[in-house]
Each structure stands twice: as structure tokens, then as C-alpha cells.
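> sequence first, then the predicted structure:
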Amino acid sequence: MFKNYFKSAWRNLSKSKTSAAINIIGLAAGMAVTILIGLWIWDEVTFDHYHKNHERLGQVMATLDFNGELVTVPAVAMPLGDELRNKYGSDFKKVSMASWIYDHNLRIGDKNINVQGMWVDSIFPSMFSLHTITGNVTSGLQDPSAILLSASTARALFGNENPINKFVRLDNQENLKVTGVYEDLPENTTLNKAKILLSFDKYKSSDPDIRDAAGQWDRHSFQAYVQLNDHIDFSAETEKIKNIPMEHLTEAQSGKEALILHPMDNWRLYNEFKNGKPAGGRIQFVWLFGIIGVFVLLLACINFMNLSTARSEKRAKEVGIRKTIGSGKRQLIIQFLAESVMVAFIALLLSILLTLLGLPLFNSLADKNISIPFESAAFWAIATGFTLLTGLIAGSYPAFYLSGFKPIKVLKGTFRSSKSAAIPRKILVVTQFSISIILMIGTLIVYKQIQFAKDRPAGYSREGLINVTNNTPDLRGHFDALQQDLLSTGVVADVAESSTLITKMRSKEIGFNWQGKDPNFLPLFGTVGISENFGKTVGWNIMAGRDFSRDFADSSSLILNEAAVKLTGIDDIVGKKIIWNDRDFTVIGVIRNMIMESPYESVTPTVFFKSGNEGRMIIIRIRPEVSVSTALGKIESVFKKYNPSNPFTYSFVDADYAKKFFDEVRIGNLASFFTILALFISCLGLFGLASYIAEQRTKEIGVRKVLGASVLNLWGMLSKEFLFLVVISCFIAIPVAWYGLNQWLQGYSYRTEIPWWIFAAAGALSVVIAIGTVSYQAIKAAVANPVKSLRTE
């Protein structure tokens, strides 16, 4: 019986090739979008699942209370590790302290590379179930002078040689023995940038400043990773350990502080905190694209429903004959559902081909490395179930509609689709275009928000600025000589030092006081150490007072940004005293706010102080009249003079600043991609429906043309109904889009307005697209020879 159903379904598809092609292409496009989104969502929800114990792993974070404002940071004090091991050993299976290593140099012979990595406790590799390639990864860091390399790092340094027990030189300072090589962490893991692992014990013993931190509970500079025992709940354990810092601190030292355990399974999708509690994060994008995927597939299903019911008169006689010879309604429903399921499975094959063709572009837009898991039985099971469900959804309404025809009316030739029969089709068309218009408006607003933030004054000039990391002893302490040599090249306008990148705030501190401050008020300031030439180099704007200068003894001077002045509440602050960690400073200048963090958020109150020649970053401004390639060549030669053993690595400040927009730009690109496909599917359905209606009204068009109707008259007659439906879609989509996007923009402190012209543009564009889609069929029918159409009828 089922064989007969599918045989009949194939014959019906063969008879109406145009309609079948539109249905298959539309469904395939919708299914391809859903597959792409499904693969993207799977990559997101399985983030960090590479680690065997991901359900038990977590990071300890600190929530700091500054005058009622709770700020959660992924950094804790070093003594916390021992406290958790010694007092809560029954709750924690393993505890590891850690600290990231940025842009450090590894060298062996004439080979050297710059890498990122981590200082970690020896138990870290087993906690995170790192896969051993060779050597002893699990306990390889028990020797403080050991180093673990990722597979890619080992290949870069040693090629095909076995690196175990060989030595590499770190930052041209000391030799470390390779005791293990571990498999590179995949891209969908949080710690995938860690290409080397070093002993945390070595870290503590080699740097006096770090050694001192072992007893400092108010220094939040380290990460703490934990593995809970099987019977321990994250929330319950948070309640047990949250007050540990305040057992060792007073509020005057750090304000109120509470600890929170952040499970690894939440690191990716729930990475934002508000008032000390998880407040979402990337999970909103998972929901957003999941909804888009459902909507786009729904658009394709609507096409199938519309075309199937629109062609009801073509199938009416078949239904009448089948019912006359004994077919029941149930059998007819199965027949029509079998037809839609067959179309869905044909569309699945085409959708997989479309997905393969679209994956490179999609991966580029999403910054992913996704592939179709053909070898996975689960994938094929889900694809089969998904296709079956799609076929049943798409075919459900046509099946019940067509199986309900009365055989007597059909066979007597008196059956005609009533006007009310077209109402569901109109509703579906309106639904299609409403979804498409909402997506269109959303895409425009996302791009407007991105552009709004890009146009925000940065407070300095980014063009021609480069950052060079100052992290080796060959560079540190030689800044004055290096600066002089760089300026003498003729390609450099200015050079300065800074404790941080211009595009990143590395340090925030309390401990500030001034006359008239409320004793209970604990202000939090960003702190940046700079050389006296920093302001001139970056081109900041001084609003009051002066800049740092060699002509003054500025070791006890501060420059504040506008946000910092506002926080103090002192209008005329230049010349006033500010106490910082019990030391008196004088405010000598005020600058316009510089965007060092998110361009979408308020600027952090920041103080700039003059530091010694130990800055982490060297900032160089290239002369505008010099080509970048020429300038970089000469700058590199100077750095090689002072730092010959390490490669010259740099970054452009404007490129670093552009990275702040990556997430929003990526979302905008993906939204554009899906919006275009949604419009394509909607237009495909509209094209098919217009084609059928033009065919259905062939006789009417012929008569009207014989009686003198012009092509323009006939085009207007055939187009106005569709135009009316699209206009209704605009009135439905615009308020829904406004509400949703207004809620989304509330998440940004610095946000654009939603102008009326966005809605007008989206509405006008949808009308133009609809008219263009319908016009081909309308004009084709209007210019046809009426003699042929009347003779045919």
C-alpha cells in the first residue's frame, strides 16, 4: 500500500514540474538554513565538552561590591587555592591556580616563536583531561623547571623530532625541559589559546612581585579552577565558600567581596553577570538563531501549503474518483502526506548539497570551523526525523483540505474553490512577509548600532599607531635609548610606554580618597601607568590643566579622564590632592574620555600616572607621510638591535579596536545571510502563487484584453492583491520589530535610536521585491495572445 502511495506521489510530482520544483527548492533552502543553524547551535551548546569532566569543572570568580554596584570578575587572590584545598578538601576533588601568559617567546637554536599559554598547578592537565601525544602530560609539571607543549607548538619548534627531555629557552631568560606534548585543544574550547603550560610553583618563585602575592587577599590577579566531587552541587558550594575573602579582609581593603562558582558548562553561553548573578550572554544568540531557523523553515513549509491548496481544483477530480471507488478520508490524508514527505526527502538531499556549498561562507561569517558530521549516526537520525517532521508539517494542511472535497460536486463539475478558501493562503502569505520584514528591520538596526558605536569619538587618534609588547629583559629598562633610536629612523613621529594596551583596561583599583569624599564611598578606578610622551603619541585631548612632561617632577601627579572627574564630584579638580594607597598625588590635567573597553558601554573612570621604564607595552606612531611597509622595516631593525633573539611582533591599534565589534558584526552578517534566504523563500512562494493565479485567470485575462484592457490595467489587476497582502505584513511586522529591537538595545549603555526611516525603508523594499516577483507572471499573462487563451479555455 505504501509503495502505491509513493508511486502515485511521484506521478503527481511529474505532472506539475514547475510547482514541484518551487516546492523542492523552497523546502531545500529552508532546510539548508535550518541545518546550518543547527550545526552552529550544536557547536555552541557543546562548547568545552572536549574535557571529560566538563560537568564537574568550574572557575571561582569574585563578585566585588562597590557602593551597591556588584561587579563579577574572573580573577581571585592567590591564597584562595590553598584555602580551598586545606579547608574544603572533601568538596573539591582538584584545585589549580593559574595565570595566563601572553605573547612570550620560545626558542631552540635558530627557531623561535611567540605563544600564549598558562602558568598552572601540576594537577591542571589531569583536571582538564588533556590528551597526551608523547611524554608525561598528566604529571609532567611536578618538576618546576618543566614545560608542556601543544602538538602544534612542538611541531613548530622540533619538526618531526621527539621533543621529550629536550630544552627550550623562554624569553631568552631560562631553559625549560619538555616533559610532555598534549593534543591541541579544539577551537570550541575556552582554553584553546593555551599552547604551552608552565609550573605555577616556578611562577611564584621566579618573580618577587608574584611571590609577595601569595599572602595578599586583596590582589585579584589569578584564576582558580576547581573540580567538584560527584555529590557536590555548584550552587550549594557557592553558598559555603562565598564569604572566604571577608574572613581575611576588611571592607576598607577591598570593599565587600563574595565568591561564586561558575560551572564550565556555563562559561560560553552564560558569561555575563549582573548584580552578582549570571545574566545570560551568548545564549541569547542561540535562542535568536534557533528562532530564525524555525521561522525560515516555516516560510518554506508555507510555500508548500499555499501552492498545494492553490492547485486544489487540479486535484479535485482525483479526490472525487478515489472517494467514489472506496478511498476513505484517512487513506487520502496518508496519500497527500506521503507526497509531502517524498518532497521533503528530495529536498533533504538538495539541502545537504546547498549546505556543503554554503559552509565556507557560513564559517567565514560565523568565525567557526563547522563541518557536516556525515560519519555520525546521530546526525542521520536527527536529519531523518527532522525531514519527516518537515514533510508532515508542510503537508498537514493540504492533506486535510484536499481530502475534505465532496465527490458528488467534483464529479458533476460544479466544484469551485470558494473565496473563503483563499483566506488561509492569504494569511500564510502575510505570515511569510511579516517574518521576512522583521528580519530585514532587525538586520538594519544591528548594523546601525554597530555604526553608531564605531562613530563614537574614541578620545585619541588610532590611525598610524602600533603596539609592541615589552616583555623581555632585553627591552625593559632600555626605553630611553630605544625611543631615541626609533625617532632617529625618520619614520616614527612619537614613542611612549604604557602598562596596558590602549584598547584594554588591565587594572582597576580602589584605595582612593580626597577631601569631601564620603567615608563609606568606595570608588573603583581604572589605573594606567604611562611615560610622559604617551598623551602626545596617542593624540589624546586635554580639557584642563597640562600633560606629563620631563620639565616637571610628575612622579606624584595624576591625569584623570572625564568619567573620573564626574565620579569625584569636583568640578575644578586641577591642582587638587587625591590620596591613593596612602600616598598623596596632585591632579595636573583632565582629558576627554578614551574608549579602552567596550564602545557600547560607559567609559570607566580612569587615572593615568607616570610610571618608570617598565611598561608592558611600547606604543609607536608612524609618520603619516611614510608607507607602513617602509616604517615597519625600519622599526623592526631597531628592535632587533636590542632584542635580537626574539621575533618582532606588533599589532595595529585600529585593528585591535575593530575587534571590539567582532561579535556584533558577526551577528549582523549572519542575520543578513538568513534575511536574504528568507526573502528568497518568500519570493519563491509568491512567484509560484502568482504563476498559478495567472494560469487560473487565463480566460478572464483574454476576455478583458479583447474588450480593450491595456497591459498596465491587467498588471495592476493581478498585482494589487499581492501588494495589499505585503502592506498588511508591514503593519504587522513593524510594531513587533520595534518592540523586540528596543528590548535588545536596552542591553547597551551606549545605543542608537530606532529611526522611522528604517521601518519605511524595510516596508518600501519589501513592496518593491513583491511587485518585482509578481510582475513577471502578471506581465507574461497580460501580453499573451488572447486568441490562444480563449481557444484553450
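Yes, it's here.

> okay, stretch 524-535 in CSV with CA atoms only?
Provided in CSV are the C-alpha atoms of stretch 524-535 (Å, rounded to 0.1, in the frame of the first residue of the first chain):
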residue,chain,number,x,y,z
LEU,A,524,36.7,52.0,41.6
PHE,A,525,39.2,53.5,39.1
GLY,A,526,41.0,52.1,36.2
THR,A,527,44.7,52.7,36.6
VAL,A,528,47.2,53.1,33.7
GLY,A,529,50.9,53.7,34.1
ILE,A,530,52.4,55.7,31.2
SER,A,531,55.5,57.6,30.1
GLU,A,532,55.4,61.4,29.8
ASN,A,533,55.1,61.2,26.0
PHE,A,534,52.0,58.9,26.0
GLY,A,535,49.4,61.7,25.5
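
> model confidence over that stretch, on average?
Mean pLDDT, computed over stretch 524-535, is 89.

> tell me how far the host helix or strand of Asn713 lies from the chain's centre.
If you go by DSSP states H and E, Asn713 is part of helix 711-745. For helix 711-745, the separation from the chain centroid amounts to 31 Å (computed by Cα atoms, centre = their mean, to the nearest Å).

> same thing with stretch 226-233?
30 Å.

> list the buried residues of it.
Val226, Gln227, Leu228, Ile232 (16 or more other Cβ atoms under 10 Å). In short, each C-beta sits where N, CA and C put it, glycine included.

> likewise stretch 38-45?
Under the neighbour-count criterion of 16+ other Cβ under 10 Å, stretch 38-45 has Gly38, Leu39, Trp40, Ile41, Asp43, Glu44 buried.

> and what of stretch 93-107?
Result for stretch 93-107 [16+ other Cβ under 10 Å]: buried residues Lys93, Lys94, Val95, Ser96, Met97, Ala98, Ser99, Ile101, His104, Asn105, Leu106, Arg107.

> once you drop chain neighbours, what's closest to the first one?
Read it as Lys93. Of all residues not flanking Lys93 in the chain, Gln227 sits nearest, at 4.6 Å (Cβ to Cβ, 6 or more residues apart in numbering).

> using PDB, write out every CA atom in stretch 716-728.
What follows is stretch 716-728, C-alpha atoms only, in PDB (Å, rounded to 0.1, in the frame of the first residue of the first chain):
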ATOM      1  CA  GLY A 716      -2.500  46.200 -11.800                       C
ATOM      2  CA  MET A 717      -5.400  43.700 -11.600                       C
ATOM      3  CA  LEU A 718      -3.100  40.800 -11.000                       C
ATOM      4  CA  SER A 719      -0.600  42.600  -8.700                       C
ATOM      5  CA  LYS A 720      -2.900  44.600  -6.400                       C
ATOM      6  CA  GLU A 721      -4.000  41.600  -4.300                       C
ATOM      7  CA  PHE A 722      -0.400  40.600  -3.500                       C
ATOM      8  CA  LEU A 723       0.600  44.200  -2.900                       C
ATOM      9  CA  PHE A 724      -2.300  44.500  -0.400                       C
ATOM     10  CA  LEU A 725      -1.100  41.400   1.500                       C
ATOM     11  CA  VAL A 726       2.500  42.800   1.700                       C
ATOM     12  CA  VAL A 727       1.200  46.100   3.000                       C
ATOM     13  CA  ILE A 728      -0.700  44.300   5.700                       C
END
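
> what does it contact?
426, 429-430, 433, 686, 689-690, 693-694, 697, 701, 704, 709, 763, 766-767, 770-771, 774-775, 777-778, 781-782 (Cβ atoms under 8 Å, 6 or more residues apart in numbering).

> for ChimeraX, write the select line for the buried members of those.
Under the burial definition 16+ other Cβ under 10 Å, those of these that qualify are selected in ChimeraX by:
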select :426,429,430,433,686,689,690,693,694,697,701,704,709,763,766,767,770,774,775,777,778,781,782
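
> phi, psi of Gly159?
Dihedral pair for Gly159: phi 60, psi -130, per degrees, to the nearest 10.

> same deal with the one 5 residues further on?
When read as degrees, to the nearest 10, the backbone of Ile164 gives phi -60, psi 130.
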